[in-house]
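**Q** heads up, no residue letters with this:
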């Protein structure tokens with residue numbers, strides 16, 4: 001069997017075991033990953049910056065006793081400091097090149113992982129499709145006419161294509177779970193404070209952004225969390241300490257759990273039959289595992305909640321554009337994409353008091369939801385409202401493009417104070433992804449489960465959200481569902497190695 005085939009078939013834990021046994025070398029794995037990265041690059045366009053020379057050097061020097069020694073990996077081109085590596089954030093603004101590594105990068109390297117590339121992201125992670133003026137369209141290895149989701153779509157594409165078995169990802173409004181749902185992967189949005197974002201930032205988007213990974217298997221997701229979790233001295237807060245190892249939690253039987261299922265759209269927008277079928281598949285697997293499942297409603301998670309989320313993000317984008325202008329020494333409004341510019345201007349228009357009020361309303365609603373769902377071990381709900389979209393499907397067209405152009409060129413951002421117009425733009429931004437932001441606001445962990453494949457052969461995952469700080473129960477449940485469903489054996493058909 002070729003090394004490329006081994007790389008394509010195995011998860012990170014399996015590859016590390018082969019290195020530990022001496023059956024394969026880190027150099028062989030890295031060379032195979034680089035070869036596959038280049039072979040699939042024209043098809044999926046998921047690499048921002050290749051790190052091939054550095055990866056080969058690390059592979060020669062890595063301690064083969066490390067937990068994930070020699071395993072190829074990718075780092076997202078957003079929100080990290082990687083010493084000597086340009087980070088573009090998917091933008092045409094000049095790249096940021098750090099003279100330090102983020103804590104997460106140091107922990108990945110300490111585990112023995114070998115980064116072979118940075119992975120593409122939409123501009124500043126603002127779209128849930130990975131398409132940017134800077135890098136173009138990132139495509140789904142299951143069908144390259146479709147999106148791999150966003151904003152960690154480059155990482156998801158590289159994992160789904162068998163280039164690397166796992167990759168760094170981040171999530172501020174679904175950016176780990178949406179790509180996982182589109183690409184047939186496991187993706188855990190961790191609890192707020194579980195992993196540090198330092199020293200680049202203390203927190204991002206009012207604490208809504210978290211880092212972790214996308215992977216092929218639940219055991220990889222758990223092991224990566226064991227190797228990277230925990231506050232550092234610069235962390236502003238920390239998640240509740242786990243009772244034990246996350247990997248051990250993923251390996252144990254979950255027992256009989258009490259689960260809920262939430263089916264409604266918080267935006268009141270259409271949900272496809274395929275999405276509801278995916279949710280039904282998850283419910284059936286849960287019941288097969290011996291768990292009780294109760295239908296619930298969350299009537300207070302509605303359009304006002306989502307509008308407050310959008311306003312808080314807009315204010316964060318305005319602040320980001322100010323920080324970028326300070327970094328490069330000039331205004332950057334002309335270098336960002338139109339939608340980013342409009343969102344930033346909306347953020348500038350909102351007063352500090354309005355934003356503070358919105359964040360406080362979000363937090364109050366989150367507290368209510370946490371309290372009212374505390375009797376459940378997890379809540380099942382969708383991630384994406386439709387199967388993975390065709391590339392370009394969320395680009396504004398016709399009247400939508402006219403409105404966006406008017407808001408931009410005529411600087412008519414003030415019109416967004418008109419609630420129906422604001423609601424219209426919110427719906428156009430979120431009609432594909434109604435649910436993920438809920439748990440970014442609440443800080444709860446939520447894991448994408450690749451339970452379903454559509455009639456058209458595209459993955460369609462759903463999510464299970466847990467109590468704050470309780471990734472262990474989610475991982476145990478996810479591992480059971482993985483075993484019952486057989487999703488671990490599914491692979492994208494792109495360039496299957498001999």
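**A** Received the coordinates, thanks. All of these numbers come straight from a predicted model, not from anything done at the bench.
**Q** what's the local residue count around residue 399?
**A** Applying other CB atoms under 10 Å, we find 9 other residues in the vicinity of residue 399. No exception for glycine: its C-beta is placed from N, CA and C like everyone else's.
**Q** my error: substitute residue 468 in the last question.
**A** In terms of burial, residue 468 registers 17 neighbours under the definition other CB under 10 Å.
**Q** residue 84 now?
**A** If you count neighbours by other CB under 10 Å, residue 84 ends up with 11.
**Q** show me what contacts it?
**A** Residue 84 sits next to 97-99 when contact means CB atoms under 8 Å, 6 or more residues apart in numbering.
**Q** gap between it and residue 245?
**A** Using CB to CB, to the nearest Å, one obtains 33 Å as the distance from residue 84 to residue 245.
**Q** then residue 390?
**A** Relative to residue 245, residue 390 is positioned 42 Å away (CB to CB).
**Q** confirm residue 451 sits in a strand?
**A** Yes. Counting by DSSP: H, G, I helix; E, B strand; the rest coil, residue 451 is found in a strand.
**Q** distance check, it against residue 461.
**A** Taking CB to CB as the criterion, residue 451 is separated from residue 461 by 6 Å.
**Q** and the closest residue to residue 321 other than its chain neighbours, which of the three is it?
**A** For residue 321, the nearest residue in space outside its immediate sequence neighbours is residue 344; the separation is 4.6 Å by CB to CB, 6 or more residues apart in numbering. In three-state terms, and counting by three-state DSSP, residue 344 is helix.
**Q** what is the burial count for residue 344?
**A** Using other CB under 10 Å, the number of residues around residue 344 comes to 26.
**Q** got the contact list for it?
**A** Counting by CB under 8 Å, 6+ apart, residue 344 has contacts 314, 317-318, 320-321, 333, 336.
**Q** give the contact list for residue 377.
**A** For residue 377, the residues meeting the contact criterion (CB under 8 Å, 6+ apart) are 254, 257-259, 291, 466-467, 473, 477.
**Q** so which of those residues is surrounded by the most neighbours?
**A** Counting neighbours by other CB under 10 Å, residue 477 comes out on top of these with 28 neighbours.
**Q** quick check, residue 429 in a helix?
**A** Yes. Residue 429 sits within a helix when classified using three-state DSSP.
**Q** excluding chain neighbours, what is closest to it?
**A** Computed as CB to CB, 6+ apart, the closest residue to residue 429 that is not its neighbour in sequence is residue 310, at 7.3 Å.
**Q** any idea which element the one you found lies in?
**A** Taking DSSP states H and E as the definition, one finds residue 310 inside helix 303-328.
**Q** what comes up buried for that helix?
**A** Judged by neighbour count using 16 or more other CB atoms under 10 Å, the buried positions of helix 303-328 are 303, 305-318, 320-321, 324.
**Q** which other helices and strands contact it?
**A** helix 338-349, helix 352-372, helix 419-430, helix 437-442 (3 or more CB pairs under 8 Å, 6 or more residues apart in numbering; DSSP states H and E).
**Q** just those: most buried one?
**A** Highest mean neighbour count among the helices and strands packed on helix 303-328 (mean count of other CB atoms under 10 Å): helix 437-442, with a mean of 26.
**Q** intersection of neighbour lists for residue 451 and residue 461?
**A** What both residue 451 and residue 461 touch, as defined by CB under 8 Å, 6+ apart, is the set residue 278.
**Q** who has more neighbours, these two?
**A** Set side by side, residue 451 and residue 461 give different neighbour counts by other CB under 10 Å, the larger being at residue 461 (30 against 27).
**Q** hang on, that one in a helix?
**A** No. Counting by three-state DSSP, residue 461 falls outside a helix, being strand.
**Q** can you say which two of the contacts of residue 377 are spatially most distant?
**A** The widest separation within the contacts of residue 377, taken as CB to CB, falls between 291 and 467 and amounts to 15.4 Å.
**Q** ok, the residue nearest to the spatial centre of the chain - contacts?
**A** Nearest to the centroid of the C-alpha atoms of the chain, with distances taken as CA atoms, centre = their mean, sits residue 176, at 1.3 Å. With contacts defined as CB under 8 Å, 6+ apart, residue 176 is in contact with 152, 169-170, 187-189, 210, 212-214, 448.
**Q** likewise for residue 46?
**A** By CB under 8 Å, 6+ apart, the contact list for residue 46 reads 40, 119-120, 130, 138-139, 148, 153-155, 157-158, 161, 163.
**Q** what's the distance between it and residue 36?
**A** To residue 36, residue 46 is 12 Å away according to CB to CB.
**Q** now residue 453
**A** Looking at residue 453 against residue 36, where the rule is CB to CB, the gap reads 23 Å.
**Q** rewinding a little: ok, the residue nearest to residue 429 touching residue 428?
**A** No. Using CB atoms under 8 Å as the test, residue 310 is too far from residue 428 to be in contact (11.3 Å).
**Q** which of the helices and strands in the protein ranks last by mean pLDDT?
**A** Confidence across the helices and strands of the chain bottoms out at helix 399-409, with a mean of 90, counting by mean pLDDT, DSSP states H and E.
**Q** centre of the chain to that helix, how far?
**A** A distance of 29 Å separates the centroid of the chain from that of helix 399-409, by CA atoms, centre = their mean, to the nearest Å.
**Q** ditto for stretch 301-320
**A** With CA atoms, centre = their mean as the basis, stretch 301-320 stands 18 Å off its chain's centre.
**Q** now stretch 118-129
**A** Centroid separation for stretch 118-129 versus its chain: 10 Å, with CA atoms, centre = their mean.
**Q** Provide the backbone phi and psi angles at residue 448.
**A** Dihedral pair for residue 448: phi -80, psi 130, per degrees, to the nearest 10.
**Q** how far away is it from residue 168?
**A** Note on residue 448: its distance to residue 168, by CB to CB, is 16 Å.
**Q** which one's more surrounded, these two?
**A** Higher neighbour count among residue 448 and residue 168: residue 448, with 34 against 30, using other CB under 10 Å.
**Q** returning to that earlier point: ranking the contacts of residue 176 by neighbours, who comes first?
**A** Neighbour counts for the contacts of residue 176 (other CB under 10 Å) peak at residue 152, which has 40 neighbours.
**Q** that residue contacts residue 172, correct?
**A** No. With contact defined as CB under 8 Å, residue 152 does not reach residue 172; the gap is 10.4 Å.
**Q** ok, back up a step: ok, which of the helices and strands packed on helix 303-328 comes nearest residue 204?
**A** Set against residue 204 and scored by CB to CB, the helices and strands packed on helix 303-328 come closest in helix 437-442, at 10.5 Å.
**Q** averaged pLDDT, the closest one. What do you get?
**A** Average pLDDT, helix 437-442: 98.
**Q** give me the contacts around that helix.
**A** Contact partners of helix 437-442, identified using CB under 8 Å, 6+ apart, comprise 171-174, 189, 205, 208-210, 266, 301, 305-306, 309, 362-363, 365-366, 369-370, 430, 445-446, 465, 468.
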